[in-house]
Each structure stands twice: as structure tokens, then as C-alpha cells.
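# Sequence first, then the predicted structure, then my questions.
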Amino acid sequence: MGSIQLALLLQSLDQQLVDWAWIRQNYREDIVPAVIGHIYLSFVSVAIALAISLPVGIIVSRYRKAYPPVTILTGLLYTIPSLALLAILVVIPGIGVGPNAVIIALVAYSLLVLIRNVVTGIDSVPAETIDAARGMGLTERQILFKVEIPLALPVIVAGIRIATVTVIGIATIGAYIAGGGLGQLIFDGIDQNFPTKVIVGAVLATAMAVVADLLLLALERYLRPWARRVRGAS
Amino acid sequence: MNDVLKVFARPQFPHAVLVHVELSALALLIAVAIALPVALAVNRSSLGTAVAVNIGNIGRAVPSLALLALALPFLGFGFAPSLVALIALAIPPILINATTGLREVSKEVIDAARGMGLSGWQILRGIQLPIAAPVIFAGIRTSAVQVVASATLATFIGGGGLGDLIVEGFQKGDTPVLLAGALAVAFLAIITELLFGGLERAFTPAGLKVAQKRQKAR
């Protein structure tokens, strides 16, 4: 084992860590499709998760008794390690390997954060504001869509931000079950003992997560002009 | 299901569990030993706090597979490179929670303590740390669960652990082995979550628990 490790280490030191010529040659064939595939996986997953979490969050914020079981169930999903969840999904008949299994897993991971932030966001709307809206003659439906959701939006976007960063990270693992994306470069690089692919995949995935984080943070601040001066970590 | 149970009985299984736990526990301990002193050191400077929180936030965005994979070209295959990557992964949540937790102890409380003649060290030990303890432990819990989950990926860079079973099962199309690995890891992660949740409650000072209850009642 020791000698194998040494041989591998020497081999990887022998070649340059980043082979720029390879990057230039395979930019269109390997790197661009991986980036597009990664964005596709992440975007579709967060969109589906949001489409589930918004109605569930709204219902749960009304029927409070349903909140603890929803939190426990989604919390359980969130705790299961991603490679384990992917492995379990793959052996379920009708799912198998491929992007669909990855998207199911990514949706499962997003639910906890998204539902929690929808509920917290709606809860943060002051009771006086809702009373005022009711006093102005708004119906319950109008109060929900014109008062509560707009005011809850910054908190909901904060949830989307956390979910997106998480999903971009976990999506890399999806390549192991043929989901595509930047993880493909990482796994290919490991298999072929070609550090350039590993580094390109890892660096691009990190960059994508950081950029998504900053963009959604900017959106969150923009939606919350009254709190722009207040700084802090959430 | 019986076949899965047979995998649990193999001698290879407890070894995988042991490596997994060892990798996770070491990574968490070292991360705590690095992140807590740093949080204490930047405690008094707002610039230091901002730098620590921002580094932590960026660190949290780094995908765990990316961290482990990056360890490969620089540190090679095996247990030690996996450990280094997992430490790097575990630091940000602890760092963020410890710095913000210490920061958010209210000025009035600290002023009152200073007025009572407590020294800076006494304020830190007797006031700030106990009040911040639940937040700090929440950070450690987040890291612990994340490390247990990510240690599964150590298999890709030869770090061992339960990920070995998942990969073996996947490559050979051996569903019982794959499921045994996946279920064991999921179980381990849930146990970790519950264990550290308990620690978090145990380290919440009695006075704070009363205050939390009052806040909820409101």
C-alpha cells in the first residue's frame, strides 16, 4: 500500500498540477457542458423544491400542528448523507442512475431550509400590519398575496440562497451516479489520475457556489431596503 | 433485507465503521481546537470578527467533494489527506457560530459585569462563554453532522470508511452491500445529530433556558 501511494504521489508530482493546454483544448467539449449540466441540475432542483415548499410552508404557517412533523420529516431527509441517499435512490425500481435520481435527492435536501424560511418569513410579518390590511377591507387571500408574501420575501430568498449553495455542492456528488455536471470532471480526474480535471471541477464548483451565494445575498438585501444598514450573519 | 444484515456481520463492516468514526471524530476535534481559539482571539475586534465570519461564509460555500478532491493532487491518497480536507470542512460552521455567538452577548450585560468589577478574562469565562454556549454548540453540531456525511466521500481519495461499502456495492452491482453502507452512514449521521443536539441542550445555562421559554410564551 505504501509503495503504491508513493508511486502515485511521484507520478502526480511528475506532471504539472494544472495542464493549461488540456484546458484550452477541451474547454468546449468537457468544461462548458459540465458547467451547463451543473447549472441545470441545481436550478431545476431548487425550482421544484420551491414549488413544493411555498404551498407547504403557507399551509403549515396556518395549521401550526402540522409544523413539527413536517420539520422532523424534512430534517431527517436533510441529515441523510448525500452519497447514501443517492445510493438508496439508485436501487429503487423506476429511478435508477442518471440526472433524475440526483434531482430527487437535491429536492429532498432543499425542503427543510425552504419550508422553514417560508414559515419564519410569514411569522415575521407584524400582527398590526395584517390587522391594518384587514381593516382596509382586504380578503384573506389578498392579505396572503399582497401583504404577507411580499413582506416574507427577503427571508424566503435567504432560504433559497442557503438551499442553492447546498445544492450546488451536493450536485457534484451526483456525477457518481451519472448525473453529469462538474462532479464528472472531478471523478474523471480521480479515475484517470489527472489532477487538472480534479482541480478544474473543484474550483469551478466552488466558484459557482460562491457566486450564487453573493448574487442571492444581493437580491436579499435589495428586497429588504428597510434593513440595509443592519449587518450580520444569518 | 436479510442479505443486508449478512453484510453487517462481515468482519469488514465494523472496520469500516471504526475508520469512519475515527476520521470524523479526529476531524471535528482538531477543527474545534483551531476554530475556538481563533474565535476567542478576534472576539474584541470588530474587524477581526468580520474577517472571520466572511472567511467562514466563503468556506461554507465550498462543496465537500471539491475539498476532498482538491486534497488529492496536493496531498495524495489515503487517511491523512481525507482528514485534512474534513478539518477544513468542519472549521467554518464552528468559526461562524463562535464569533457571532460571542459578539451577540448584549452590551448591557457586559457593561453590568464590568461595573461589578469583573476583569476581561472573568467576563469572557463567566458571562460571554456561558451565554454563547448554545450558539457555539449549534455550530459544532452542524459541523459534526457535515463531517460524518462527508467522511463517506473519503472513499474516493482512499480514506476508507463506510463510503467504501457504497462504492463497492455500486461498482459490483451488489445491492445488499450498497444498502448496508448507505443505511449505516444514514444511521450514524442521525445518531450524531441527536447526540450533539443533546449536548447543545446540556450546555445551555439554566438561566438561558428560562429566558428561552419566556420568549416562546410571548
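Yep, that arrived. Residues are numbered from 1 along each chain as shown, chains lettered A, B, ... in the order given.

# contacts and neighbour counts: CA atoms only from here.
Fine.

# can you give me how far the longest helix along chain B is from the chain middle?
Using DSSP state H to define each element, chain B has its longest helix at helix B:12-42. Computed by CA atoms, centre = their mean, to the nearest Å, the chain-centroid distance of helix B:12-42 equals 8 Å.

# repeat for stretch A:71-79
Taking CA atoms, centre = their mean, one finds the center of stretch A:71-79 at 16 Å from the center of the full chain.

# Show me the contact partners of that stretch.
Stretch A:71-79 is contacted by residues A:Ala108, A:Tyr109, A:Ser110, A:Leu111, A:Leu112, A:Arg116, B:Val145, B:Ala186, B:Ala189, B:Ile190, B:Glu193 when judged by CA atoms under 8 Å, 6 or more residues apart in numbering or on different chains.

# when you scan the longest helix of chain B, is anything in it near chain A?
No. For a cut-off given as CA under 8 Å from any CA of the partner chain, helix B:12-42 has no contacts with chain A; the smallest distance is 12.9 Å.

# Now do the buried residues in that helix.
B:13, B:16-17, B:19-21, B:23-25, B:27-28, B:30-32, B:35-36, B:38-40, B:42 (16 or more other CA atoms under 10 Å in any protein chain shown).

# and the next element down the chain from that helix?
Using DSSP states H and E, the helix or strand that follows helix B:12-42 in sequence is helix B:46-61.

# so A:Ala205 touches B:Ala61, yeah?
No. Look at A:Ala205 against B:Ala61 with CA atoms under 8 Å: they stay out of range, at 9.4 Å.

# between those two, what contacts are shared?
Residues touching both A:Ala205 and B:Ala61 (CA under 8 Å, 6+ apart) are A:Gly169.

# and these two? which has more neighbours close in?
Neighbours per residue, other CA atoms under 10 Å in any protein chain shown: of A:Ala205 and B:Ala61, the larger number sits with A:Ala205, 30 against 25.

# Got a ChimeraX select line for the buried ones in the contacts of stretch A:71-79?
Selecting only the buried members of the contacts of stretch A:71-79 in ChimeraX, with burial defined as 16+ other CA under 10 Å, works like this:
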select /A:108,109,110,111,112,116 /B:145,186,189,190,193
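
# May I ask which two of the contacts of stretch A:71-79 are separated the most?
Greatest spatial distance among the contacts of stretch A:71-79 (CA to CA): A:Arg116 and B:Ala186, at 22.2 Å.

# and the end-to-end length of stretch B:100-116?
25 Å (CA to CA, to the nearest Å).

# and B:Ile131, what pLDDT?
Per-residue confidence (pLDDT) for B:Ile131: 88.

# Spatially central residue in chain B, please.
Residue closest to the mean C-alpha point of chain B, counted by CA atoms, centre = their mean, is B:Ser143 at 1.9 Å.
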